[in-house]
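# Generate coordinates for the sequence data below:
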Amino acid sequence: MSEEWCIEQLAKLQIKERRLDTLNEIRATLSGPNQEVNVSAKFLALLDSIDDYRDSPEQMNLTCDILCMCMSNLDIDHTEKVSYCDYLEKCLQHKNDDVKVLALNYIEQRVKDVNCNDLPVSMANLYQSNMVIALVNCLECEETKVATVSTTILLKLLPKAINDNSIKCRLEQILTGKDLIRCRVYELAVKLSQTSVENHEKFNFILEKLVADIDTDDILLKLNILGLISDLAQTDYGHIYMENKNVFTKVIREIELLDENPFKTILVPGYLKFFGHIATMQPAKIIHGLSSMINSLFDCILDENVSALPVAFDTFGHLGRSAEGKILLDETHSARMHEVLNDIGKSIHNLPTPLKVRALNCLEILFQCDQANSSNNQISSITEQWFTSLTANNQLAFVQEFCRNPFPEIKIAALGLLRSICSYSWGQRALSNTAGLIEYLFDRNSEFDKDILYEKYSIIKMVANSTEFDENTSQQINQYVKDGVFYVQGIMEVAVERS
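Got it, this is the predicted structure:
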């Protein structure tokens, strides 16, 4: 294949009647082995004419296929890398979103496994301001896939490139645009901030605008902002930053006036998510300081508002995740905890599958306890009372029902809850007293999902040193642990046992 052939094919593409056949011929030829770099480079010229094919989806798809093949035959560290980066930049600036996606996918593949602070010299062109700005401009694209992939790439490139004033200015310009675009930039800054204190400081100019937007009257924007600042508060330095910016004070003031807000029902889940994340780190601040918010959470669960339940379950779990959170909930909201857990125990069977899983995950977090507190008598007593509220009879038949559910996601969530419960002596005792449950855990033959087998094994291993089982069961437990997760009983062994 020669360059003359390439020029001939490009000329034939100008003839509308022959265009489809020509595109098919080019694609078939480029699909062959050992394509020369200069041939692939020639056909990147199709970038200039691709928009002429917009009225023919078939021609458009063929052209995108050809461009994709051309890119795969080239590389960013080729000797002509400068001109090739020009092609990439040209793709990113193209008005056709499919072309943008081609370039973005190419770049993403080459940076995905590379540390953002350690990109090889061969990729230095990606740091050029015009290339990074072209990627930043993709954040403004209405096509979600374009914005999503460009965000993934920018997470790698921006920590080094942000020192360029032209890039910084472009980001600041975008922040004056539409709410959706602004939130994309905010999300990018928050994700980068979470990676290190250094990045938090580098992108402070964006974070300041984010926290200022908490005062917005736009309900949808406010919900997005609440979600983003919830993520920002997940690091210690992010939490301190929020304190210094009086974000918590502002949000608490808004919550105090929530009853007067006509959009209360819409806003409550956003506030719940925000304070749920804060409660993971500082449960006392939320449980002692925001009783009205805690009651709103309980009301959400009791009202069984399907739209609010996912966030409500998550927040409930966050509140009781730590030992301190469990103690504070018991001290300040004991009666309501009984009411809510009793309601979950009765209503969970009627929830759709995704919410069943969410509720079981919430309960797993609520009952779990780290090893340091597993023998804490106060924590053990509190969780046992909670379990009694949940099941009414303190029996694990409630959990066993979900463990035997045919849907793997429900089964795994139920086994996670069972594992949390079995970290306490009262839970091990309940396991021993629940007919058929220990036998279910021993049974390897009924499961085909390795994750379920691992969950079962982790529970059996956890109770291996328990004194709550009779001698025969204890021997079986220890043998199960010794045999491992995937042990299969041999035919001869079965025959001997039966004889």
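
# how is this protein carved up into domains?
By the record's domain assignment, the chain is partitioned as 175-245, 247-369, 393-499 (automatic domain parsing).

# Now do the longest one: distance to the chain's middle.
Translated: domain 247-369. Between the centre of domain 247-369 and the centre of its chain there are 20 Å (CA atoms, centre = their mean, to the nearest Å).

# Phe367 reaches Phe387, doesn't it?
Yes. In this structure Phe367 lies within contact range of Phe387 using CB atoms under 8 Å: 7.1 Å. For every residue, glycine as well, the C-beta is placed using N, CA and C.

# What distance do you get for Asp179 to Lys222?
10 Å (CB to CB, to the nearest Å).

# okay, those two: which has more neighbours?
Looking at Asp179 and Lys222 with other CB atoms under 10 Å, you find the greater number of neighbours at Lys222, namely 20 against 14.

# So the more buried one sits against Leu267, correct?
Yes. Counting by CB under 8 Å, Lys222 does reach Leu267; the two are 7.1 Å apart.

# tell me the pLDDT at Thr195?
With respect to pLDDT, Thr195 has a value of 92.

# what's the burial count for it?
Neighbourhood size, Thr195 [other CB under 10 Å]: 13.

# Assign it to helix, strand or coil.
Secondary structure assignment for Thr195 (DSSP: H, G, I helix; E, B strand; the rest coil): coil.

# May I have the phi/psi pair for it?
In terms of degrees, to the nearest 10, the main-chain angles of Thr195 are phi -80, psi -30.

# Only the buried residues of stretch 93-111, if you could.
Within stretch 93-111, the residues that count as buried by 16 or more other CB atoms under 10 Å are 93-94, 96-104, 106-107, 110-111.

# what's the most distant pair in those?
Farthest-apart pair in the buried residues of stretch 93-111 is Asn96 and Val111; separation 23.0 Å (CB to CB).

# Check the burial of the nearest residue to Leu258 once chain neighbours are set aside by counting its neighbours.
Of all residues not flanking Leu258 in the chain, Lys264 sits nearest, at 5.2 Å (CB to CB, 6 or more residues apart in numbering). Neighbour count of Lys264, defined by other CB under 10 Å: 14.

# Could you do the one 3 residues further on as well?
Residue crowding around Leu267 was assessed by other CB under 10 Å; the count is 18.

# Follow the chain on from the helix or strand that it is a member of and name the next helix or strand.
Leu267 is part of helix 264-281 when elements are defined by DSSP states H and E. From helix 264-281 onward toward the C-terminus, using DSSP H and E, the following helix or strand is helix 283-289.

# So for that next one, what gets flagged as buried?
Of all the residues in helix 283-289, those buried under the rule 16+ other CB under 10 Å are Pro283, Ile286, Ile287.

# For the closest residue to the second one other than its chain neighbours, give me its contacts.
So the one you mean is Ile286. Leaving aside its sequence neighbours, Ile286 sits nearest to Ala279 (CB to CB, 6+ apart; 4.3 Å). By CB atoms under 8 Å, 6 or more residues apart in numbering, the residues touching Ala279 are Lys285, Ile286, Ile287, Thr315, His318, Leu319, Arg321, Gly325.

# Now distance to His333 and pLDDT too, for the residues you listed, in a markdown table please.
Below are these laid out as a markdown table (distance: CB to CB, whole Å; pLDDT from 0 to 100):
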| residue | distance to His333 | pLDDT |
| --- | --- | --- |
| Lys285 | 15 | 80 |
| Ile286 | 12 | 83 |
| Ile287 | 8 | 85 |
| Thr315 | 13 | 90 |
| His318 | 15 | 89 |
| Leu319 | 9 | 90 |
| Arg321 | 15 | 89 |
| Gly325 | 11 | 90 |
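
# Tell me the buried residues in stretch 347-364?
Ile348, Leu351, Leu355, Lys356, Val357, Arg358, Ala359, Leu360, Asn361, Cys362, Leu363, Glu364.

# Tell me the secondary structure at the fourth one.
Using three-state DSSP, the secondary structure recorded for Lys356 is helix.

# Ser307: which of the buried residues of helix 283-289 is nearest?
Ile286 (22.4 Å).

# Which residue, other than its chain neighbours, is closest to Asn405?
Residue nearest to Asn405 in three dimensions, not counting chain neighbours: Lys411, with 5.4 Å by CB to CB, 6+ apart.

# swap that for Ala189, please
Ile206 (3.8 Å).

# mind checking how far Asp449 is from Val481?
Distance from Asp449 to Val481, by CB to CB: 20 Å.

# ok, those two, which is more surrounded?
Higher neighbour count among Asp449 and Val481: Val481, with 15 against 11, using other CB under 10 Å.

# so what's that one scoring on pLDDT?
So, for Val481, pLDDT stands at 89.

# Kindly report the same for the one 3 residues further on.
In the prediction, the pLDDT value recorded for Gly484 is 83.

# Quick one: residues contacting it.
By CB under 8 Å, 6+ apart, the contact set of Gly484 is Tyr457.

# Now the phi/psi pair for it, please.
phi 90, psi 180.

# likewise Leu290?
The phi/psi pair for Leu290 (degrees, to the nearest 10) reads phi -130, psi 60.

# Next, count neighbours for it.
21.

# Does it touch Phe275 like I think?
Yes. Applying CB under 8 Å as the test, Leu290 and Phe275 come out as touching, 6.4 Å apart.

# My read is that Asn376 contacts Ala323, right?
Yes. With contact defined as CB under 8 Å, Asn376 reaches Ala323; the gap is 6.7 Å.

# okay, and the common contacts of those two?
Residues touching both Asn376 and Ala323 by CB under 8 Å, 6+ apart: Cys369.
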